[in-house]
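Peer 1: Just a sequence and a predicted model for now, questions to come.
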Amino acid sequence: MKTRAFSSSTFGVLVAVGMGLLANVACSTAPDPPAGSGESIGGGGSGAGAGGTGGDAGSAGAGGQSAGSGGAGGQPPGPSGGGAAAPFVEYEAEVMETNGVVLEPTRAFTAVASEASGRQAVRLSNVGDYVRFKNQGPSNSIVVRYSIPDGGSDFWTTLSVYVNDELRHKLPVTSRYAWTYGDHNHFNQPDQNNPGLGVPHHFFDESRALLSDIPAGATIMLRKDASDTAAEYVIDLVDMETVAPPLPKPAGYLSLIDDCGGTPNDASDDSGALQHCIDRVQGEGHAGLYLPPGEFRSLSKPLSLSNITVRGAGMWHTTVSGYFARFDCWGNNCKYHDFSVFGDTIQRKDDSPENAFGGNGSSGSLLENIWVEHVKVGYWTGADTNGLVIRNCRMRNLFADAVNFYGGTSNSIVEYTHARNTGDDAFASWSPADRALNRKNVFRRNLVQVPWMANCFGIYGGEDISVEDNVCADVVQYPGILIARQFGSHPFSGMTRIERNTLLRAGGSAYNEEHGAFKLHAAQGLLQHVTVNDLEIIEPTHAGIHIEGPAAMDSIWFNKVNIKKPRTAAFHLSPGSNGAMDAAYVVATEAPVGVIDQSQGQFKILPGAGNAGW
Ligand SMILES: [Ca+2]
Ligand SMILES: [Ca+2]
Ligand SMILES: [Ca+2]
């Protein structure tokens, strides 16, 4: 199938082989809305408990392009106009050639395949087991999404990467950043890493490597060799990409190495050199700070910045790593471009600011071409942040949200950003009533894959918040998009616009509840002024559209919604829901039931023209 190209206009995903579609990721600092527990469909484990410390709202993420329904081979039909294109081509392991075991699809929480893209993966258990595929276009890099058994936070081993049957790379893999146990009450406790708690989840992590050129048509093989010592490797997917050469130092910039003594690719701490360089740029009026190619460690303190531009050599070339790989903007106009932040967070602690980006409520800040992994949250905004732009970023393998627009954050946007394997909402706009109102935030053309907890997008109060042209796939426990008066949020005002989004295999079981793929939850007050247009809901885990009280809803409009093959029903009206919504051109196909109405008639769906199938 063809690949959608990635560029600034569309962030798409590509799925080269097979059916798969993509999913998303997210991050956050505070506890997001708790993901629930509950039994999983298909039998799975006991879910997580309720949670949340008042936490933050989750974020949502999702990406752009329209994901398809995953039929064999084809690109699925996307929402009209949606999507972003990714710069990589994604290959699902389950459609590769293999002598391993292809895991059957499941949505059962605590089953490893339930957290896989496409809800399928391939297990390599024996020496010599492999997955193999043909490279559809030239590339020079690889990302492998994998799960290995939990050997604790110090277990590292390798996986062998072959190109045309010659060993090209031993890819490092670890269980350090995966495997969480227990329910949400264990979020902030060290025992969340204790297998004795049961309820294993959060199985996957990723490894990336720059390789030399691999032509189109080459055969790529991942194989468990004798020196690859994990008992087994569950391979979910592979992303192949052509990475541009390193970007040079711009004129007028200080170099971390030449001007400030940073030392790449060694064990030594570069925190001091980094902060020294930041301070010099600010104090001496240089144009910016350049981070040359290489990995720089931040091991002793978070970095404090203000009114500065920091540029790396590219997200594949420059990495700031370590437990204190954190950039806190304590002023305005912090602009970050072209580098990676790989933290060293191994558990979720909501009182610990293990966020790649944070600080106070800045204005005019920017993240562009930034890759974040292994932290709690990608960007937790300070209260009253204004005009933040996050563009063309990747936020993966996190313990909470990718991005949370918190507490009065306004006029801010996340676009063309890919989130995968977030431990809370990928992308959230959370507007607590004791803070200023969130206004005019936009999440658009993002792609979110497999958040292991919470939603792709969570919108908790605010004025004129928009979620547009995103793709959200394979949500493990929660809705794909959640619009909620919850977590102490302000009311919704202006118009909350949800336009041209695709939710693929979204919805899930948490907190003893079966969440629909798209959910409106009037948990703490009247929910109103929401318009939903051009929404594709494909194979939701439970219902397509889910309404829950106990407070009322009104001024809610659904227009042009396709709900394909829900497991339970097109609509689910939970007990206690009340109020009304308008529905026009809402078409359900293969829905076992049209409406599960547990509202005792207290919630009305007011039908307009063009409805069918429910
Ligand atoms: Ca763990
Ligand atoms: Ca997969
Ligand atoms: Ca160093």
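Peer 2: Looks like it came in fine. Ligands and ions are numbered 1, 2, ... in the order given.
Peer 1: What strands flank the helix or strand containing residue 319, and is each parallel or antiparallel?
Peer 2: Residue 319 is located in strand 318-321, with elements delineated by DSSP states H and E. Partner strands for strand 318-321, per DSSP bridges, with pairing direction: strand 294-297 (parallel), strand 334-342 (parallel).
Peer 1: With only the CA atoms kept, save the longest one in CSV.
Peer 2: Taking only C-alpha atoms (Å, rounded to 0.1, in the frame of the first residue of the first chain), the coordinates of strand 334-342 have been written out as CSV:
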residue,chain,number,x,y,z
CYS,A,334,11.9,29.1,25.1
LYS,A,335,12.3,27.6,21.6
TYR,A,336,13.6,24.0,21.2
HIS,A,337,14.4,22.4,17.9
ASP,A,338,15.8,19.2,16.5
PHE,A,339,17.0,17.0,19.4
SER,A,340,15.8,14.2,21.6
VAL,A,341,15.2,14.0,25.3
PHE,A,342,15.5,10.5,26.6
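Peer 1: what is the mean pLDDT for the next helix or strand after that strand?
Peer 2: Using DSSP H and E, the helix or strand that follows strand 334-342 towards the C-terminus is strand 355-359. Rounded to a whole number, the mean pLDDT of strand 355-359 is 97.
Peer 1: same deal with stretch 574-591?
Peer 2: Rounded to a whole number, the mean pLDDT of stretch 574-591 is 98.
Peer 1: which of the residues in that stretch are buried?
Peer 2: Neighbour counts using 16 or more other CB atoms under 10 Å place 574, 577-579, 581-588, 591 of stretch 574-591 among the buried residues. To be clear about C-beta, it is placed using only N, CA and C from the backbone, and glycine gets the same treatment.
Peer 1: And stretch 401-412, by the same measure?
Peer 2: In stretch 401-412, counting by 16+ other CB under 10 Å, buried: 401-412.
Peer 1: ok, now which ones touch residue 167?
Peer 2: With contacts defined as CB atoms under 8 Å, 6 or more residues apart in numbering, the neighbours of residue 167 are 160-161.
Peer 1: again, but for residue 465
Peer 2: For residue 465, the contact set (CB under 8 Å, 6+ apart) comprises 429, 438, 440-442, 459, 492, 496-497.
Peer 1: Now do the helices in the chain.
Peer 2: Listed in chain order, the helices found in the chain under DSSP state H are 271-284.
Peer 1: How is it partitioned into domains?
Peer 2: 88-241, 259-607 (automatic domain parsing).
Peer 1: JSON lines please, covering the ones you listed and showing distance to residue 247.
Peer 2: As requested, these are arranged in JSON lines below (distance: least, CB to CB, whole Å):
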{"stretch": "domain 88-241", "distance to residue 247": "15"}
{"stretch": "domain 259-607", "distance to residue 247": "5"}
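Peer 1: Could you say which of those domains is packed most deeply?
Peer 2: With neighbours defined by mean count of other CB atoms under 10 Å, none of the domains of the chain is more surrounded on average than domain 259-607, at a mean of 24.
Peer 1: Straight-line length of it, end to end?
Peer 2: End-to-end distance of domain 259-607 (CA to CA, to the nearest Å): 67 Å.
Peer 1: Is that domain in proximity to ligand 3?
Peer 2: Yes. Using CB under 5 Å from the ion, we find that domain 259-607 touches ligand 3 at 263, 266, 268, 270.
Peer 1: Greatest separation within those: which pair is it?
Peer 2: Farthest apart among these by CB to CB are 266 and 270. That separation is 9.1 Å.
Peer 1: closest one to ligand 2 among the domains of the chain?
Peer 2: Using CB to the ion as the measure, domain 88-241 is the one of the domains of the chain that comes nearest ligand 2, at 4.1 Å.
Peer 1: Next, the distance between the ends of the closest one.
Peer 2: Using CA to CA, the gap from the first to the last residue of domain 88-241 comes to 4 Å.
Peer 1: pLDDT of it, averaged?
Peer 2: On average, the pLDDT along domain 88-241 is 97.
Peer 1: Could you do stretch 551-565 as well?
Peer 2: The average pLDDT for stretch 551-565 rounds to 98.
Peer 1: Using PDB, write down the CA coordinates of that stretch.
Peer 2: Taking only C-alpha atoms (Å, rounded to 0.1, in the frame of the first residue of the first chain), the coordinates of stretch 551-565 have been written out as PDB:
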ATOM      1  CA  ALA A 551     -25.200  15.900  35.300                       C
ATOM      2  CA  ALA A 552     -27.100  17.000  32.300                       C
ATOM      3  CA  MET A 553     -26.100  17.600  28.700                       C
ATOM      4  CA  ASP A 554     -27.500  20.000  26.100                       C
ATOM      5  CA  SER A 555     -26.300  21.800  23.000                       C
ATOM      6  CA  ILE A 556     -24.500  18.700  21.800                       C
ATOM      7  CA  TRP A 557     -24.400  18.100  18.100                       C
ATOM      8  CA  PHE A 558     -23.200  15.000  16.100                       C
ATOM      9  CA  ASN A 559     -23.100  15.400  12.400                       C
ATOM     10  CA  LYS A 560     -21.700  12.900   9.900                       C
ATOM     11  CA  VAL A 561     -20.400  10.100  12.100                       C
ATOM     12  CA  ASN A 562     -19.700   6.600  10.800                       C
ATOM     13  CA  ILE A 563     -19.600   3.800  13.400                       C
ATOM     14  CA  LYS A 564     -18.300   0.600  12.000                       C
ATOM     15  CA  LYS A 565     -18.700  -2.700  13.800                       C
END
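Peer 1: per-residue pLDDT, residue 40?
Peer 2: Listed pLDDT for residue 40 reads 27.
Peer 1: same deal with the one 10 residues further on?
Peer 2: The per-residue pLDDT reported for residue 50 equals 29.
Peer 1: for residue 22, same thing?
Peer 2: If you check residue 22, the pLDDT there is 37.
Peer 1: now the residues of domain 259-607 next to ligand 3 as CSV including pLDDT?
Peer 2: Shown next, in CSV, are the residues of domain 259-607 next to ligand 3 (pLDDT from 0 to 100):
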residue, pLDDT
263, 98
266, 98
268, 98
270, 98
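Peer 1: what would these look like in JSON lines with distance to residue 292?
Peer 2: As requested, those are exported to JSON lines (distance: CB to CB, whole Å):
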{"residue": "263", "distance to residue 292": "11"}
{"residue": "266", "distance to residue 292": "14"}
{"residue": "268", "distance to residue 292": "15"}
{"residue": "270", "distance to residue 292": "11"}
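Peer 1: Please enumerate residues in contact with the strand holding residue 319?
Peer 2: Applying CB under 8 Å, 6+ apart, the contact partners of strand 318-321 are 246, 270, 274, 291-298, 312, 338-344.
Peer 1: The closest residue to residue 344 other than its chain neighbours and ligand 3, how far apart?
Peer 2: Nearest non-adjacent residue to residue 344, counting by CB to CB, 6 or more residues apart in numbering: residue 323, 4.3 Å away. When distance is defined by CB to the ion, to the nearest Å, residue 323 is 14 Å away from ligand 3.
Peer 1: Residue 323 and residue 346: what is the separation?
Peer 2: To residue 346, residue 323 is 9 Å away according to CB to CB, to the nearest Å.
Peer 1: got it, and residue 116?
Peer 2: Noted for residue 116: a distance of 22 Å to residue 346, by CB to CB.
Peer 1: Ok, residue 267 next?
Peer 2: Taking CB to CB as the measure, residue 267 and residue 346 are separated by 19 Å.
Peer 1: Residue 264 now?
Peer 2: Taking CB to CB as the criterion, residue 264 is separated from residue 346 by 24 Å.
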